[in-house]
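K.L.:
coords please:
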Amino acid sequence: MITVGVGLRPGTPEAAVRALLDRVAAEHGLELGDAVVATLDRRVAEPGLLAAVAPREPHGFAAAALAVVGVARPDARVAAAVGTPSVAEAAALLAAGDGAQLIVGKTAGQGVTVAVAAGAADVGLPSGGSCDTCGPGYRPASPSSGGPAQGPAATTGRRSPGEERR
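P.N.:
Below you'll find the model as predicted:
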């Protein structure tokens, strides 16, 4: 399963959320239209988020639940504002379940941050794995890898050396 974690300021417009989701999808060769969307429980009813991901409804996680998820780039400013050092990355990982890995680290837009995670069943597919064997919305990041980027590149949102851009 592919999950999208979204962190956003109250009042962030639909256009800003949609623009960042589209940018992340294009830059990483992902189809995110069917991905599960997760965020901080206080943001699930934000009009801009709801409009951008409709007809899906975002899953909300309490700040305390997000705070215990280990992420590569925690943010003290976010922690001070909402009670957890990560919203987008932590929400994506929690929604994807045990063994999930980030395939796109937090990426910032105007008032919104997005991260993408893959569930354990979708991570590390053997070379030649097809989308028929993947969760909804998943396409391998590189034709040669057969699966999403892993290691440091996966957690920072950057491609591994030699990984192709789609």
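K.L.:
got the contact list for the nearest residue to residue 11 once chain neighbours are set aside?
P.N.:
The shortest distance from residue 11 to any residue that is not its chain neighbour, by C-beta to C-beta, 6 or more residues apart in numbering, is 7.3 Å, and that residue is residue 48. To be clear about C-beta, it is placed using only N, CA and C from the backbone, and glycine gets the same treatment. Residue 48 is in contact with 8, 11, 12, 13, 14, 15, 16, 17, counting by C-beta atoms under 8 Å, 6 or more residues apart in numbering.
K.L.:
which SS class is residue 48?
P.N.:
In the three-state summary, residue 48 is assigned as helix, counting by DSSP: H, G, I helix; E, B strand; the rest coil.
K.L.:
nearest to residue 54 among the contacts of residue 48?
P.N.:
When those are compared for distance to residue 54 (C-beta to C-beta), residue 14 comes out closest, at 9.1 Å.
K.L.:
residue nearest the centroid of the chain?
P.N.:
Most central in the chain under C-alpha atoms, centre = their mean is residue 116, positioned 2.0 Å from the mean C-alpha point.
K.L.:
in which helix or strand does that one reside?
P.N.:
strand 112-118 (DSSP states H and E).
K.L.:
and stretch 28-39, end to end?
P.N.:
This stretch, stretch 28-39, spans 21 Å end to end (C-alpha to C-alpha, to the nearest Å).
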